[in-house]
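In: take this sequence and fold it.
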Amino acid sequence: QLQLVESGGGLVQPGGSLRLSCQPSGFSLKDYAMAWFRQAPGKEREPVSCISSSGGSAKYEDSVKGRFTISRDNAKNMVYLQMDNLKPEDTAKYYCAATAGFRTCEAVSYWGQGTRVAVSS
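Out: Numbers count the residues shown, from 1 in each chain. This next block holds a predicted model:
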């Protein structure tokens with residue numbers, strides 16, 4: 001069964017940091033652009049960041065620019081989202097996704113099950 005597994009979520013105070021990890025089961029990430037999405041309570045799922053298959057290009061949603069960093073290690077078959085200076089509005093369930101390509105990061109081929117991030121004092 002092909003799936004993605006996220007980890008690293010949790011409860012953190014405003015200004016704190018978390019690193020989310022994503023690992024596939026049953027396939028290699030190296031041929032996919034990879035993305036992180038999030039869904040806050042009562043809201044639609046939205047893209048957060050995307051990274052090309054080589055790791056050479058990345059893009060971010062405006063509200064997380066300068067605070068979040070997406071990276072990947074194709075040798076370890078892992079993708080990461082480093083989240084710094086977290087704000088209460090970052091509270092959401094975060095999903096890892098394998099996508100059709102960097103120019104079409106919202107065309108998702110595989111979804112993870114999500115990991116919850118809560119930012120609160």
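In: partner residues bridging the spatially most central residue of the chain?
Out: In the chain, the residue lying closest to the centroid (C-alpha atoms, centre = their mean) is residue 36, at 2.6 Å. Note on residue 36: beta-bridge partners by DSSP bridges are residue 49, residue 96.
In: wait, it sits on residue 81?
Out: Yes - here residue 36 reaches residue 81: they are 4.8 Å apart, a contact under C-beta atoms under 8 Å. Every residue, glycine included, has its C-beta placed from N, CA and C.
In: overlap in contacts, these two.
Out: Common neighbours of residue 36 and residue 81, counting by C-beta atoms under 8 Å, 6 or more residues apart in numbering, are 20, 22, 48, 49, 70, 94.
In: which residues touch stretch 108-120?
Out: Under the contact criterion C-beta under 8 Å, 6+ apart, stretch 108-120 has outside partners 2-14, 16, 18, 20, 22, 24, 27, 32, 35, 38-39, 83, 86-100.
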